[in-house]
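Q: requesting a structural model of the entry that follows:
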Amino acid sequence: MSNQSVQTVSTSNDKFKVALAVVATIAGVVGFFYLKGQNKPALVAAGALVAGLVFAVLLLWTSTTGRDFLSFAKESVRETKKVVWPTRREATQITGIVFAFVVVTAIFLWGTDKVLEFVLYDLVLGWKS
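A: Down below sits the predicted model:
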């Protein structure tokens, strides 16, 4: 018995819905900035953006690709709830260690640069810096 999942090929109707959803999203964003540039009330501009996004979501909801994406997003949220996040103290300690490592690395690279500068300019070429 095989556990391989079967992938269905999206139809041209689904592709058209996804393309139309992308166009609706772009139209909402363009409408927002256009209305904002015309000094319209912020509520009108935000309404154009929200309308474009809502229309795009509704179109995606009716397509197979959109439903697959929605189930993927739900699974992603469910997986992030399983993650054991570090405590504030652990996060602070890790951040401190990373900061210290960056400082040590910066000092090492600065020192290497100065040694190479001395060797090349003073000893090899005879220039005084």
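
Q: for the rest of this, base every contact and every neighbour count on C-alpha atoms.
A: Noted.

Q: per-residue pLDDT, the closest residue to residue 49 other than its chain neighbours?
A: Closest residue to residue 49 in three dimensions, ignoring its sequence neighbours and counting by Cα to Cα, 6 or more residues apart in numbering: residue 28, at 4.2 Å. Here, the pLDDT recorded for residue 28 equals 92.

Q: and residue 28, what does it touch?
A: 48, 49, 50, 51, 52, 53 (Cα atoms under 8 Å, 6 or more residues apart in numbering).

Q: what about these, which one has the most neighbours?
A: Greatest neighbour count in those, by other Cα atoms under 10 Å, goes to residue 52: 23 neighbours.

Q: what helix or strand does it sit in?
A: helix 42-61 (DSSP states H and E).

Q: find the residue closest to residue 56 in space, skipping its chain neighbours.
A: That would be residue 21: by Cα to Cα, 6+ apart, it lies 4.1 Å from residue 56.

Q: distance of the one you found from residue 63?
A: The span separating residue 21 from residue 63 equals 10 Å under the rule Cα to Cα, to the nearest Å.

Q: higher neighbour count, these two?
A: The neighbour count for residue 21 versus residue 63, taken as other Cα under 10 Å, is higher for residue 21 (23 against 19).

Q: from what I can see the more buried one touches residue 62, true?
A: No. Checked against Cα atoms under 8 Å, the pair residue 21 and residue 62 is beyond contact range at 10.7 Å.

Q: what angle separates the host helix or strand of residue 15 from helix 42-61?
A: Using DSSP H and E, residue 15 falls within helix 12-37. Helix 12-37 runs at 170 degrees relative to helix 42-61, counting by axes from the mean of the first three to the mean of the last three Cα atoms, to 10 degrees.
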